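K.L.:
Need coordinates for the below:
(2 chains)
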Amino acid sequence: MSEVLSVPTMAEMLAQGKQPEVLFWVGCAGSFDDRAKKITKAFVRILNRADVSFAVLGTEESCTGDPAKRAGNEFLFQMQAMMNIEVLNAYEAKKIVTACPHCFNTLKNEYPELGGTYEVVHHTQFLKSLLDEGRLTIEGGQFKGKRITFHDPCYLGRANKIYEAPRELIQKLDVELVEMKRSKANGLCCGAGGAQMFKDAEPGNKEVNIERTDDALETAPQIIAAGCPFCNTMLTDGVKHKEKEAEIKVMDVAELIANAKDL
Amino acid sequence: MSYIDNILFAVLLAVGFGYFISNVKKLIRNIKLGQDVDRSDNKKERWANMARIALGQSKMVRRPIAGILHIIVYVGFVIINIELLEIIIDGLFGTHRVFAFMGTAYNILIGSFEILAFLVLVAVITFLVRRNIIKLKRFIHSDLKGWPKSDANYILYFEIVMMSLFLLMNASDLALQHRGAPHFIEAGSFPISQFITPMFSGVGTDTLIILERVFWWMHIIGILTFMNYLYYSKHLHILLAFPNTYFADLNPLGKFNNLESVTKEVKLMMDPNADPFAAPPADADAAPAKFGASDVQDLNWVQLLNAYTCTECGRCTSSCPANLTGKKLSPRKIMMDTRDRAEEVGRNIDANKGVFVPDNKTLLNDYITAEELWACTSCNACVEECPVNISPLSIIMDMRRYLVMEQSAAPMSLNAMMTNVENNGAPWQYSQQDRLNWKNEN
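P.N.:
Reported below is the predicted structural model:
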């Protein structure tokens, strides 16, 4: 399958004297992780379809510093932040969209004090606004009637109180959205946050992602929807651990929408 | 001759409040051991938070059974303490039911106190059952072994005694009112204690007067004792919940503070015009900043206020993903340890004429281990759950900062991740030059 994605960089835009409507911050997972790259592409397909003028930093993008900060390395975080802010400010970025709640939280909440103030939105919020503005239509397609549960990423939900945007998008797919016993403000972490993604867990009697996968499986879903590349990895591993990967898919909200449209 | 009573009462009151005030001073001193942090902004929002969360108990009712029972005890506590004012005036001036002149309003007041006292009894007994018979998981958790478990039960027993004394006092008073005993004017309505009154039917009037006085004195002595018990108990939350919700962090939960001391150094490092060999600036007289926290003095005063406010309910721990999966981390223990260490430092200062003499102990290691700190996913469940807006997460983060920036003591795999971020701008070993490769991959 040969697909042509239009992914301009900020540098290319600048060379043409253009400023995109929004800067797409891809993030490390979205750039390098095989599973997360699919989410990145799904999101880009939607952006292309909706004719959104966007650009990425490409090779000028670097880690926001989130995992360093949560691990306690404030030095490394602030160095990353200041380098990124220099780049972002040089391009006069105004609005940033990202599919990673960790990048989202850091850019939105922790960059302003260091000199980087932008309007930062999560991709579910952005897609919701495209929908509201009539620039994007969503129909159920292959997901019509499917049972879907949504896992709240901590850094989107509790950390920034965004619970409705992803749910409203999912509901547009004519699906049956079922809630886990722990959801929204009471949602349980997937186990990846706070730099846990990059280390082994401390001794205990269960892995956090299994505990969370159990929550999801209790709702007897056909699809577990996520809005974070790390949650996606953790839950995918959890579903595999339960040997349910044949019946249950873990998908990002952007993938749901892109696939529904056969993009 | 009855002046002796009044003098005794005044002395009792002075001792009770005097000791209380001296402990409050100690408490404030211990909280001020913490670093300064500015929470003087957004006064309106802060008052609103305090009104909604502390006064209005809005976060308590998320767990409806505990929440509603707690509201009964809380309202009972606040309302019945209005009675305290009358007791103090009566005690000092030898009057009896001095507010009786209010007539119907007084009857309604006393009547509602009685109903509340009864409801409090029911609630408190339910709490005891939940702790000791049903044994809810968060109440039999290892965090509470020893004193914390006893403390919780003592508070409940104490409330039973206090409410019973209040009702017994009214019951005997009512009996005396019926008999037309001098001094015992007919006042108040007694919807609950009227059922206790018949118990005293066989008791002589003189004995009954003595009994009524005994209940009255025990009631006030009980109140003063309880007030002074607070400082040594988790029950301190009844006072500190208010300042704690007022001073709590107002930022989105995901926003962690940026260390200013680090900002200065990073800016200097990145400034191409900075002279690497320049003499330190003149204001370098301040001690070099310590990054992160290894002891209570490194935390800020709001974090220490948090620790003293914690009432060890364990909602944080019961929602912590690490604790739920058997890890050592318990956010409640983080708060309890912080308070215990602050107390220890306070006692050290008291014993050494106002100066802290190093005791070769720190909050880190002696109380909280690195294993606990590294188990945190920073998911904010504990912060979200806390009925009084305590943040165990902020303490965990400050201690991680110390481990990483002062001791380079991060787990190996995290060091590898950080090296990658530093060298190639991603937590994994991929070149920054490959960041856009996904575009052309299938």
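
K.L.:
from memory A:Leu107 sits against A:Gly116, does it?
P.N.:
Yes. A:Leu107 lies in contact with A:Gly116 (Cβ atoms under 8 Å); the separation is 7.4 Å. C-betas here are computed from N, CA, C, even on glycine.

K.L.:
of those two, who's got more company?
P.N.:
Remark: of A:Leu107 and A:Gly116, A:Leu107 carries more neighbours, 27 against 20, as counted by other Cβ atoms under 10 Å in any protein chain shown.

K.L.:
Tell me how far the more buried one lies from chain B.
P.N.:
Per Cβ to the nearest Cβ, to the nearest Å, A:Leu107 is found 11 Å from chain B.

K.L.:
try A:Glu255
P.N.:
14 Å.

K.L.:
In contact with A:Cys154, which residues?
P.N.:
Contacts for A:Cys154 (Cβ atoms under 8 Å, 6 or more residues apart in numbering or on different chains) come out as A:Pro101, A:Gly187, A:Cys189, A:Cys190, A:Gly193, B:Gly254, B:Thr377, B:Ser378, B:Cys379, B:Asn380, B:Ala381.

K.L.:
Can you read off the pLDDT for the nearest residue to it once chain neighbours are set aside?
P.N.:
Leaving aside its sequence neighbours, A:Cys154 sits nearest to B:Cys379 (Cβ to Cβ, 6 or more residues apart in numbering or on different chains; 4.1 Å). We have a pLDDT of 97 for B:Cys379.

K.L.:
what's around B:Cys379, how many residues?
P.N.:
For B:Cys379, using other Cβ under 10 Å, the count is 30.

K.L.:
Contact partners for it?
P.N.:
A:Cys154, A:Arg158, A:Leu188, A:Cys189, A:Gly193, A:Gly194, B:Pro321.

K.L.:
State the distance from it to B:Glu385.
P.N.:
11 Å (Cβ to Cβ, to the nearest Å).

K.L.:
cool, A:Phe150 as well?
P.N.:
Counting by Cβ to Cβ, the separation of A:Phe150 from B:Glu385 is 21 Å.

K.L.:
Those two: which has the busier surroundings?
P.N.:
A:Phe150 (29 against 24).

K.L.:
Name the residues linked to the more buried one by a beta bridge.
P.N.:
On the basis of DSSP bridges, A:Phe150 is bridged to A:Ala225.

K.L.:
do you know how far whatever residue of chain B ends up closest to chain A is from A:Ala159?
P.N.:
Nearest to chain A in chain B, going by Cβ to the nearest Cβ, is B:Gly254, at a distance of 2.7 Å. Between B:Gly254 and A:Ala159 the computed distance is 3 Å (Cβ to Cβ).

K.L.:
Any idea how many residues pack against residue 263?
P.N.:
Chain wasn't specified; assuming chain A. Other residues close to A:Leu263 by other Cβ under 10 Å number 15.

K.L.:
um, chain B though
P.N.:
Residues lying near B:Thr263 (other Cβ under 10 Å) number 17.

K.L.:
Likewise for B:Asn440?
P.N.:
10.

K.L.:
Next, the contact list for the residue nearest the centre of chain B, please.
P.N.:
Nearest residue to the geometric centre of chain B (Cα atoms, centre = their mean): B:Thr309, 1.9 Å. Residues in contact with B:Thr309 (Cβ under 8 Å, 6+ apart) are B:Leu236, B:His237, B:Leu240, B:Ala241, B:Pro243, B:Asn244, B:Val388, B:Ile390.

K.L.:
quick revisit: turn the contacts of A:Cys154 into CSV, including distance to B:Leu55.
P.N.:
Below are the contacts of A:Cys154 laid out as CSV (distance: Cβ to Cβ, whole Å):
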residue, distance to B:Leu55
A:Pro101, 34
A:Gly187, 28
A:Cys189, 31
A:Cys190, 36
A:Gly193, 33
B:Gly254, 27
B:Thr377, 32
B:Ser378, 30
B:Cys379, 28
B:Asn380, 24
B:Ala381, 25
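
K.L.:
Going by neighbour count, which of these comes out on top?
P.N.:
A:Cys189 leads those on contacts (other Cβ under 10 Å) with 33 neighbours.

K.L.:
so what's that residue closest to, chain neighbours aside?
P.N.:
B:Cys379 (3.6 Å).

K.L.:
My guess is A:Arg35 contacts A:Met234. True?
P.N.:
No. With contacts counted by Cβ under 8 Å, A:Arg35 stays clear of A:Met234, the gap being 11.0 Å.

K.L.:
mind checking the SS state of A:Gly193?
P.N.:
Under DSSP: H, G, I helix; E, B strand; the rest coil, the three-state class of A:Gly193 is coil.

K.L.:
Let me fix that, I meant to ask about A:Asp200.
P.N.:
Under three-state DSSP, A:Asp200 comes out as coil.

K.L.:
The closest residue to it other than its chain neighbours: how many residues sit nearby?
P.N.:
With sequence-adjacent residues excluded and distances taken as Cβ to Cβ, 6+ apart, A:Asp200 is closest to B:Ser413, at 6.6 Å. Per other Cβ under 10 Å, the neighbour tally for B:Ser413 reads 12.

K.L.:
who's in contact with B:Ser413?
P.N.:
Taking Cβ under 8 Å, 6+ apart as the test, what B:Ser413 contacts is A:Phe198, A:Lys199, A:Asp200.

K.L.:
Got the phi and psi for it?
P.N.:
phi -60, psi -30 (degrees, to the nearest 10).

K.L.:
Report pLDDT for it.
P.N.:
Confidence score, pLDDT, at B:Ser413: 96.

K.L.:
How about B:Asp285?
P.N.:
At B:Asp285, pLDDT is 54.

K.L.:
Please apply the same query to the one 10 residues further on.
P.N.:
B:Asp295 is assigned a predicted lDDT (pLDDT) of 97.
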